[in-house]
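Peer 1: A structural model of the following input is requested.
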Amino acid sequence: MFFENLNFFILPFLIVITLSSVMGFGLFIHKVIGVYESDIQFKNLFFFQGLIFVGLAFIFINFFFPISDTISFFTILLGLIIYIYYFFKLNNKKQELIFIFSVTLISLFYSVFAGLNDDFPYHYETIKNFKNKILFEIEHHRMISYNSHWLFLNSIFSISIFTSTLFILTSLLFSISIYDFYNIIIKFIGNKERYISTLSFFSLIFILGILHKYKDLGTDGPGAIINIYILIILSYHFFDKKNVTSNNIFIIILILCQFSFMIKITNTLIYLFLIFLIFKFKFKKINFLLFLFVCLIPVPWLFQNYIISNCLIWPISFTCFSNPDQAIQETYLIESFAKGDITTTMNLNGLSWIKIWLINHSSKLIETYFLYTLILFIPFILISFNKKYNKIGLIKFVKKNFFNKNYLIIFFIICISNLVWFVYAPAYRFGIFYNLSLIIIFFIPIWLFVNETNSNLLINYSKIILILVSIYFVFENIRKVDWYLKRYDIWPPIYEGKILDRKSF
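Peer 2: Sure thing, here's the model as predicted:
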């Protein structure tokens, strides 16, 4: 029981160490390849690069060694040492300390007494496999073989005796996102960079108001967050700056696409944004050695999949060298469940499933997005009472600013993504980013028009909403303590390598 009780008290220290370690690896990679130079230095981009570097290295290490606690400890320690080295070379140490403190505080608030989602038991088994077995000892299982790279990363940055470390990596990702989006709003609000400040506000409200519970995250949330960064970076460079000064923008978008895909294969459609970029770059100026390396990022992960399931991507049957029938059945189960059939006996031919989907899923989507959409629509209602407002002015504004090739292509890509999601796997969890991006792309013209008409109204409204949503975020994360204590006796409910039943300990 000693380590179980210790989990709670040393969690802040563990969060600081893990954050510093990953950022250390990220800063190292950034110094080596300098992949993203911009006046918007998202902290999560360093965090992502650190995770990608460590993840790829450990796939090869796992060929020969399990990712034991000893290996995890020395990896975290190495990253920490690298971070300390770069920290003392920073010009603005105060700002960096504010970053560490802010993210640690949010992450602690986010993760402590976190609940467990329905997927956690088999996610935990995947993590234990990597920590206790070499790759070639892991056996195929329909749930284990999904092999989200996020779970692999959790196996690297978690220590078995400190089970609270299982919650740290995801809480850090979301906490850094909150820090990033808030700082972008503060930096660009009131300036001419309207897209990035508006998109960051939309994203921040979404995280605080909808993705506010750790237990709802699983492996779906991390991929969605990465995709949001892709959309924001693209929008900034093609709408705010209206030019691209570096071909490395293509490289960083490709890196993020690869990372998102390895975390959850339902993020595959994010690659459609690369089609938009392909027409924007003069590839003769690109670093082809770096481009080749980035293209190869998924290869070790695909090999890892093959060893576990004999499929390059489970359960995509045409990528399977064996078990194709099992993969086809698994795909049917996913699609049937996503379309609303809990018993998974649905006939997926035709459109008869839409009625069942509406009955079983529409309430979830309305619950998730109705209030969020209403919040984004209210400024337009308010501006309608303004004497400066007129419908003709709105139409002219939209035609002038949004009837252009860049906006229409991105709008088309988002619509196609939502259509594919709806036809094949229309469960909320699989479409978090696709649904969100559709709402964002629709409301961007409205918010920019409101800003053009009465910027003070929009700024004051945004401040009020941000305060209210932040209060809601705090309230929900305090309330979860009562929810948790009614179900479990210790935090986290993992003892001697087993997830405890409710109130059974």
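Peer 1: ok, Ser68 - contacts?
Peer 2: For Ser68, the contacting residues are 131-132, by CB atoms under 8 Å, 6 or more residues apart in numbering. Glycine gets a C-beta too; all of them are placed from N, C-alpha and C.
Peer 1: just use 23 as the starting number from now, easier for me
Peer 2: All set: I'll call the first residue 23, so the last point we hit is now Ser90.
Peer 1: OK, contacts around Ser225?
Peer 2: By CB under 8 Å, 6+ apart, the contact list for Ser225 reads 199, 203, 250, 254.
Peer 1: one more time with 7 Å, if that's ok
Peer 2: For Ser225, the contacting residues are 203, 250, 254, by CB atoms under 7 Å, 6 or more residues apart in numbering.
Peer 1: Can you check these and name whichever has the most neighbours?
Peer 2: Within these, neighbour counts (other CB atoms under 10 Å) peak at Phe203, which reaches 27 neighbours.
Peer 1: List phi and psi for that residue.
Peer 2: phi -70, psi -40 (degrees, to the nearest 10).
Peer 1: quick one: what helix or strand has Lys377 in it?
Peer 2: Counting by DSSP states H and E, the element that carries Lys377 is helix 375-405.
Peer 1: contacts for stretch 314-325?
Peer 2: Stretch 314-325 has contacts (CB under 7 Å, 6+ apart) with 74, 78, 81-82, 171, 273, 276-277, 280, 283-284, 334.
Peer 1: for that stretch, which positions count as buried?
Peer 2: Residues of stretch 314-325 classed as buried: 316, 319-320, 322-323 (neighbour count, 16 or more other CB atoms under 10 Å).
Peer 1: Buried members of the contacts of stretch 314-325 into ChimeraX, please.
Peer 2: Applying 16+ other CB under 10 Å to the contacts of stretch 314-325 leaves a buried subset, and the ChimeraX line that selects it is:
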select :74,78,81,171,273,276,277,280,283,284,334
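Peer 1: Throw the contacts of stretch 314-325 into TSV and include pLDDT and secondary structure, thanks.
Peer 2: Output for the contacts of stretch 314-325, formatted as TSV (pLDDT from 0 to 100; DSSP: H, G, I helix; E, B strand; the rest coil):
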residue	pLDDT	secondary structure
Ile74	96	helix
Leu78	95	helix
Ile81	96	helix
Phe82	96	helix
His171	95	helix
Ile273	86	helix
Leu276	91	helix
Ile277	93	helix
Gln280	96	helix
Phe283	96	helix
Met284	96	helix
Leu334	95	coil
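Peer 1: so which two of the contacts of stretch 314-325 are the farthest from each other?
Peer 2: Ile273 and Leu334 (23.9 Å; CB to CB).
Peer 1: from the contacts of Ser225, which single one is nearest Val54?
Peer 2: If you rank these by distance to Val54 using CB to CB, Ile254 comes first, at 24.8 Å.
Peer 1: quick one: the nearest residue to Lys286 once chain neighbours are set aside from Thr220, how far?
Peer 2: Closest residue to Lys286 apart from its sequence neighbours, by CB to CB, 6 or more residues apart in numbering: Gly245 at 4.2 Å. For Gly245, the distance to Thr220 (CB to CB, to the nearest Å) stands at 23 Å.
Peer 1: Now do the contacts for Glu474.
Peer 2: Glu474 sits next to Phe419 when contact means CB under 7 Å, 6+ apart.
Peer 1: Could you tell me whether it really is in a helix?
Peer 2: Yes: using DSSP: H, G, I helix; E, B strand; the rest coil, the assignment for Glu474 is a helix.
Peer 1: low pLDDT regions in the stretch 373-522 of the chain?
Peer 2: 408-416 (pLDDT under 70).
Peer 1: Kindly recompute the last result at 80.
Peer 2: 373, 383, 406-426, 517-520, 522 (pLDDT under 80).
Peer 1: which residues of it fall in strands?
Peer 2: Here the stretch 373-522 of the chain has its strands, by DSSP state E, counting those that start in this stretch, at 516-517, 520-521.
Peer 1: What is the burial count for Ile356?
Peer 2: 18.
Peer 1: Quick check: mean pLDDT of the helix or strand encompassing Phe50?
Peer 2: Phe50 is part of helix 24-55 when elements are defined by DSSP H and E. Across helix 24-55, the average pLDDT comes to 87.
Peer 1: how about it: buried residues?
Peer 2: Of the residues in helix 24-55, 26, 29, 33, 36-52, 55 count as buried by neighbour count, 16+ other CB under 10 Å.
Peer 1: Stretch 142-161 too?
Peer 2: 142, 145-146, 148-149, 151-153, 156-157, 160.
Peer 1: Also stretch 351-367?
Peer 2: 352-353, 356-363.
Peer 1: thinking again about what came up before, what is the nearest of the buried residues of stretch 142-161 to Tyr483?
Peer 2: The nearest member of these to Tyr483, counting by CB to CB, is Phe142 at 38.1 Å.
Peer 1: pLDDT at the closest one, what is it?
Peer 2: At Phe142, pLDDT is 84.
Peer 1: Identify the bridge partners of the spatially closest residue to it that is not a sequence neighbour.
Peer 2: Counting by CB to CB, 6+ apart, Phe142 lies nearest to Ile521, which is 7.1 Å off, once chain neighbours are set aside. Beta-bridge partners recorded for Ile521 (DSSP bridges): Ile516.
Peer 1: Contacts only, for Ile521.
Peer 2: 143, 146, 515.
Peer 1: Including distance to Ile436, could those go into JSON lines?
Peer 2: Shown next, in JSON lines, are these (distance: CB to CB, whole Å):
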{"residue": "Pro143", "distance to Ile436": "34"}
{"residue": "Tyr146", "distance to Ile436": "34"}
{"residue": "Pro515", "distance to Ile436": "39"}
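Peer 1: closest to Arg216 among these?
Peer 2: Nearest to Arg216 among the contacts of Ile521: Tyr146, at 43.7 Å, using CB to CB.
Peer 1: Contacts only, for that closest one.
Peer 2: Neighbouring residues of Tyr146 by CB under 7 Å, 6+ apart: Ile521.
Peer 1: Which SSE is immediately downstream of the helix or strand hosting it?
Peer 2: Using DSSP H and E, Tyr146 sits in helix 142-154. Where DSSP H and E defines the elements, the next helix or strand beyond helix 142-154 is helix 171-178.
Peer 1: now what about that next one, what contacts it?
Peer 2: 73, 76-77, 80, 89, 94, 97, 145, 148-149, 152-153, 188, 191, 241, 244, 284-285, 323.
Peer 1: run the last query once more with 8 Å
Peer 2: Contacts of helix 171-178 (CB under 8 Å, 6+ apart): 73, 76-77, 80-81, 89, 94, 97, 145, 148-150, 152-153, 188, 191-192, 241, 244-245, 281, 284-286, 323, 326.
Peer 1: now do stretch 161-168
Peer 2: 144, 147-148, 151, 160, 327, 330-333, 336-337, 345, 348, 352.
Peer 1: Closest one of those residues to Lys115?
Peer 2: Nearest to Lys115 among the contacts of stretch 161-168: Thr148, at 38.7 Å, using CB to CB.
Peer 1: Distance-wise, check that closest one relative to Lys155.
Peer 2: Counting by CB to CB - Thr148 and Lys155 are separated by 11 Å.
Peer 1: Over to Val420?
Peer 2: Val420 is 57 Å from Lys155, where distance means CB to CB.
Peer 1: still on that earlier bit, export the strands of the stretch 373-522 of the chain to a markdown table and tack on distance to Thr290?
Peer 2: Output for these, formatted as a markdown table (distance: least, CB to CB, whole Å):
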| stretch | distance to Thr290 |
| --- | --- |
| strand 516-517 | 32 |
| strand 520-521 | 30 |
